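Colleague: Mind looking at a prediction? Sequence and model below.
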Amino acid sequence: QVQLVESGGGSVQVGGSLRLTCTCAGYIFNMAWFRQAPGLEREGVAYIHSFGANTAYADSVKGRFTISRERNKTTIYLQMNSLKPEDTAMYYCAAGGRSLEIESYTYWGQGTQVTVSS
């Protein structure tokens, strides 16, 4: 059974940084981070290929967020810098899909809350 375990969310002030971690024990998949703010649809944030060669980002986070993969390839990170209030959302790790195509993802984590205050 595939389980995704996320950690690293929290509250931070504008301009601050957080790092999210997601582990998919025992499996190597394409993985991605999505987020959903209250009242809005879930949206793609960042994607990384199963072997870490290719990445993709939403325009809204380019230059501020970096997705990376641990050498063991089952853990990914999302380093979030220069955080803005509009980054406030529940962040979800997902595995087994293509790029930031939300419908293509099979496995989802429970989510970790990120709150950015001004």
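Modeller: Happy to help now that I have it. Residues are numbered from 1 along each chain as shown.
Colleague: Would you check how far apart the spatially closest residue to residue 67 that is not a sequence neighbour and residue 31 are?
Modeller: Excluding the flanking residues, the one nearest residue 67 by C-beta to C-beta, 6 or more residues apart in numbering is residue 46, at 3.9 Å. Quick note: C-beta positions are derived from backbone N, CA and C, even for glycine. Applying C-beta to C-beta, to the nearest Å, the value for residue 46 to residue 31 is 9 Å.
Colleague: Pick out whichever of those two has more residues nearby.
Modeller: Legend: neighbour count by other C-beta atoms under 10 Å for residue 46 and residue 31, higher for residue 31 (29 against 26).
Colleague: Distance check, the more buried one against residue 85.
Modeller: 26 Å.
Colleague: What mean pLDDT does stretch 33-46 get?
Modeller: For stretch 33-46, mean pLDDT rounds to 97.
Colleague: what comes up buried for that stretch?
Modeller: Neighbour counts over stretch 33-46 (16 or more other C-beta atoms under 10 Å) mark 33-35, 42, 44-46 as buried.
Colleague: what about the strands in this structure?
Modeller: 4-7, 10-13, 18-24, 31-36, 43-48, 55-57, 65-69, 75-80, 89-95, 107-108, 112-117 (DSSP state E).
Colleague: Contacts only, for the nearest residue to residue 73 once chain neighbours are set aside.
Modeller: Spatial nearest neighbour of residue 73, excluding adjacent residues (C-beta to C-beta, 6+ apart): residue 28 at 4.8 Å. Applying C-beta atoms under 8 Å, 6 or more residues apart in numbering to residue 28 gives the contacts 50-51, 73-74.
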